[in-house]
Every structure is written in C-alpha cells, then in structure tokens.
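Engineer: predicted coordinates and the sequence they were generated for:
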Amino acid sequence: MTNLLIQIKDDSKTNDVIRFLKDIDFLKVIVQDDLKNKKVSLKDAFGIWTDNNINLSDIRQKAWR
C-alpha cells in the first residue's frame, strides 16, 4: 500500500477534496489533524503528571543515586 500526503492550501476546499477522494473506490481516505501546528505540553499528553509537584531536579536526584 502506498500512502500519499495531500496539503490543501484553501481550507474552504477541504471537504470537497475529501468527498471527491472518498468517491474513488480503490482509495481509503484517512483524515488526520495537522499536529505540527498544535502546541501540546507534556502535562496535557500524559495524565500521570496532573497534580504532581515534581521537577527536573527531583527526577535527576532519584535517577542518579
């Protein structure tokens, strides 16, 4: 299977392009958000850091004993 990345310059045309590609029976269309433009902090990505008061210094002390 070959993957193809299509960047659409005009956001108003996105749905038209997706609809067109889905009509082609030999294509499987997978729509993904553009993650490069989203800012995600480590705290947001991993729930284990929620309400955990730990800093880099604490981690280093525990790791290099």
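Structural biologist: Thanks, I have the structure now.
Engineer: what helix or strand does Leu5 sit in?
Structural biologist: Counting by DSSP states H and E, Leu5 is held by no secondary-structure element, helix or strand.
Engineer: tell me how far Asp10 lies from Asn55.
Structural biologist: 45 Å (CB to CB, to the nearest Å). Just so you know, the C-beta spots here come from the backbone N, C-alpha and C atoms, and that holds for glycine as well.
Engineer: same check, this time on Ile8
Structural biologist: Going from Ile8 to Asn55 by CB to CB gives 42 Å.
Engineer: higher neighbour count, those two?
Structural biologist: Comparing Ile8 with Asn55 by other CB atoms under 10 Å, the one with more neighbours is Ile8, at 12 against 7.
Engineer: residues touching the more buried one, list them.
Structural biologist: Neighbouring residues of Ile8 by CB atoms under 8 Å, 6 or more residues apart in numbering: 14, 17.
Engineer: so where's the protein shaky on pLDDT?
Structural biologist: Counting by pLDDT under 70, the chain shows low-confidence ranges at 33-50, 65.
Engineer: for it, which segments count as strands?
Structural biologist: Applying DSSP state E to the chain gives no strands.
Engineer: need the residues that contact stretch 15-32.
Structural biologist: For stretch 15-32, contacts defined as CB under 8 Å, 6+ apart pick out 6, 8.
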